[in-house]
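> below is the sequence, then the predicted model.
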Amino acid sequence: MTDPRTPEDQTPTPQATETPIAETQTSDSQRRILTPGSDLNPRREFLRSAAMFTGTVAALGGGLEVLTRRPGLSSAEAQAADPFSRADRPLGPYDTKEKVTPYQQATTYNNFYEFGTDKSDPARLAGSLKPRPWTVRIDGEVRKPQTIDIDTLQSWFPLEDRIYRMRCVEGWSMVMPWLGFPLAALIRRLEPTSKAKYVQFTALLDTKQFPGQKQQVLKWPYVEGLRLDEALNPLSFMAVGLHGRTLPGQNGAPLRLVVPWKYGFKNIKSIVRITLTDKQPLTTWMQAAPQEYGFYANVNPAVSHPRWSQATERRIGELGRRKTLPFNGYADEVAALYKGMDLRKNF
């Protein structure tokens with residue numbers, strides 16, 4: 001199958017716009033959310049308690065934004081109040097110091113082929129996605145297989161911020177402030193069996209909610225996977241929010257994977273099933289174009305895509321290009337996972 005993507009330097013540049021704005025179970029009284037700014041504490045607590053309303057406000061195109069913005073703030077004031085936009089923001093142990101991509105750009109320049117292949121399709125059509133009610137089936141090589149409601153699932157873990165670089169295989173990048181929990185915490189809670197070697201993720205298949213699935217540009221549903229040791233790496237993250245708000249539909253509501261050292265297409269969105277298995281999953285892009293998209297999809301400036309170089313990238317919102325970093329700048333944390341492997345062959 002021919003890949004409908006094009007390298008970033010052939011795609012339109014989005015216009016800069018003003019931003020509108022351990023694995024233990026803990027009790028509600030023990031659970032605390034660490035935020036980079038105290039003004040987000042009430043919004044995070046509200047995020048959990050008001051999640052049932054996301055299906056209603058999703059049709060408004062902004063997740064819970066209309067409920068979490070302070071009344072009376074102008075767009076400029078809302079941006080200034082966003083702690084993720086401040087250069088002096090406190091940083092967590094996994095955070096990058098780089099400038100965060102504004103909410104407006106992070107939610108209007110997206111690849112989400114379930115809505116369509118144009119960058120503007122996800123934001124334009126995201127109102128069709130209903131993130132509540134939502135369940136996630138967990139099965140395979142685990143001692144505790146179950147089907148769990150998304151609100152119960154996220155209540156198992158204290159939510160935390162992670163400010164990660166995101167590099168698309170097309171050659172553009174962003175810096176995203178995710179809200180969620182470590183994937184390792186979920187996997188350990190499920191008690192994998194000794195046969196578990198890989199984790200397979202499956203996205204929702206529903207042509208009413210995802211009009212792009214009516215077109216066979218890919219084989220649906222979207223499937224991705226990680227080796228178990230990759231999934232257990234501290235950087236692997238399950239996101240339920242973005243910029244301190246409920247995750248918008250166009251960014252993968254209500255649950256998505258974030259593995260920042262891999263190209264963006266590995267970060268599967270709108271997950272409905274997590275399966276631990278002894279076999280390497282056949283992922284969607286491997287089926288579509290195996291000569292172009294491998295299982296690992298690690299960011300590697302030394303290995304070009306067959307149709308364009310990966311040596312540089314363009315950060316959305318900036319002019320010019322910058323050098324692409326091995327493993328997207330996370331080599332210290334993840335390079336050991338691939339010791340002895342040929343990263344040109346295992347691309």
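Nice, I can see it. Numbers count the residues shown, from 1 in each chain.

> partner strands of the helix or strand hosting residue 177, with direction?
Applying DSSP states H and E as the criterion places residue 177 in strand 172-182. Note on strand 172-182: by DSSP bridges, its sheet partners are strand 160-167 (antiparallel), strand 237-242 (antiparallel), strand 312-315 (parallel).

> using CSV, write down the CA coordinates of it.
What follows is strand 172-182, C-alpha atoms only, in CSV (Å, rounded to 0.1, in the frame of the first residue of the first chain):
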residue,chain,number,x,y,z
TRP,A,172,7.8,17.6,12.2
SER,A,173,7.8,17.7,16.0
MET,A,174,6.1,19.2,19.0
VAL,A,175,6.6,19.4,22.8
MET,A,176,3.5,18.1,24.6
PRO,A,177,2.5,18.3,28.2
TRP,A,178,0.6,15.1,28.8
LEU,A,179,-1.4,14.1,31.9
GLY,A,180,-1.7,10.4,32.8
PHE,A,181,0.1,7.5,34.5
PRO,A,182,3.0,5.2,33.8
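
> now the angle from the helix or strand just after it to strand 237-242?
Downstream of strand 172-182, the first helix or strand assigned by DSSP H and E is helix 183-190. Helix 183-190 and strand 237-242 are oriented at 120 degrees to each other (axes from the mean of the first three to the mean of the last three CA atoms, to 10 degrees).

> hang on, residue 115 packs against residue 252?
No - checked against CB atoms under 8 Å, the pair residue 115 and residue 252 is beyond contact range at 10.9 Å. The C-beta positions use only the backbone N, C-alpha and C, and glycine is treated the same way.

> which of the two has more residues huddled nearby?
Higher neighbour count among residue 115 and residue 252: residue 252, with 27 against 24, using other CB atoms under 10 Å.

> the more buried one - nearest residue in space that isn't next to it in sequence?
Distances taken as CB to CB, 6 or more residues apart in numbering place residue 269 nearest to residue 252, at 2.8 Å, with adjacent residues excluded.

> state the distance from that neighbour to residue 186.
Distance of residue 269 to residue 186, computed by CB to CB, to the nearest Å: 17 Å.

> so these two - more neighbours on which side?
Using other CB under 10 Å, the more surrounded residue of residue 269 and residue 186 is residue 269, with 26 against 22.

> quick one: pLDDT of that one?
pLDDT for residue 269: 98.

> wasn't it part of a strand?
No - with DSSP: H, G, I helix; E, B strand; the rest coil as the criterion, residue 269 is located in coil rather than a strand.

> residue 112 is in contact with that one, correct?
Yes - using CB under 8 Å, residue 269 is in contact with residue 112, at 6.1 Å.

> just the buried positions in stretch 329-347, please.
When burial is assessed from 16 or more other CB atoms under 10 Å, stretch 329-347 yields the following buried residues: 329-330, 334, 337-338, 343, 347.

> contacts for it, please.
Defining contact as CB atoms under 8 Å, 6 or more residues apart in numbering, one finds that stretch 329-347 is touched by 96, 165, 227, 229-230, 233-235, 260-261, 294-298, 300, 302-303, 325-327.

> hmm, back to that, residues in contact with the residue nearest to residue 252?
Contacts for residue 269 were tallied using CB under 8 Å, 6+ apart; they are 112, 114, 203, 222, 251-253, 256-257.

> again with residue 199
By CB under 8 Å, 6+ apart, the residues touching residue 199 are 183, 187, 225-228, 231, 274-277.

> what subset of the contacts of residue 269 is buried?
112, 114, 203, 222, 251-253, 256-257.

> quick check: of those residues, which lies closest to residue 142?
Using CB to CB, residue 257 is the member of those that lies nearest residue 142, at 17.2 Å.

> the closest one belongs to a helix?
No - Residue 257 is assigned strand when assessed by three-state DSSP, not a helix.

> touching, it and residue 240? I think so.
No - Residue 257 is beyond contact range of residue 240, at 11.4 Å (criterion: CB under 8 Å).

> which parts of the stretch 151-300 of the chain are helices?
Using DSSP state H, counting those that start in this stretch, the helices found in the stretch 151-300 of the chain span residues 183-190, 228-231, 284-288.

> what pLDDT, on average, does the first one get?
Yep, that's helix 183-190 we're talking about. Helix 183-190 carries an average pLDDT of 97.

> tell me how far it is from the chain's mean position?
Centre-to-centre, helix 183-190 and its host chain are 17 Å apart (CA atoms, centre = their mean, to the nearest Å).

> what of stretch 146-162?
15 Å.

> in it, what's buried?
Under 16+ other CB under 10 Å, the buried positions of stretch 146-162 are 148, 150-151, 153-162.

> from those, which is closest to residue 289?
The closest of the buried residues of stretch 146-162, once distances to residue 289 are taken by CB to CB, is residue 162, at 29.9 Å.

> my guess is residue 192 contacts residue 138, does it?
No - here residue 192 does not reach residue 138: they are 10.8 Å apart, not a contact under CB under 8 Å.

> what about the strands in the stretch 101-250 of the chain?
Taking DSSP state E, counting those that start in this stretch to define them, one finds strands in the stretch 101-250 of the chain at 135-140, 146-149, 160-167, 172-182, 198-203, 223-227, 237-242, 245-246.

> for these, which one ends up most surrounded?
Of all these, strand 245-246 carries the top mean neighbour count, a mean of 28, counting by mean count of other CB atoms under 10 Å.
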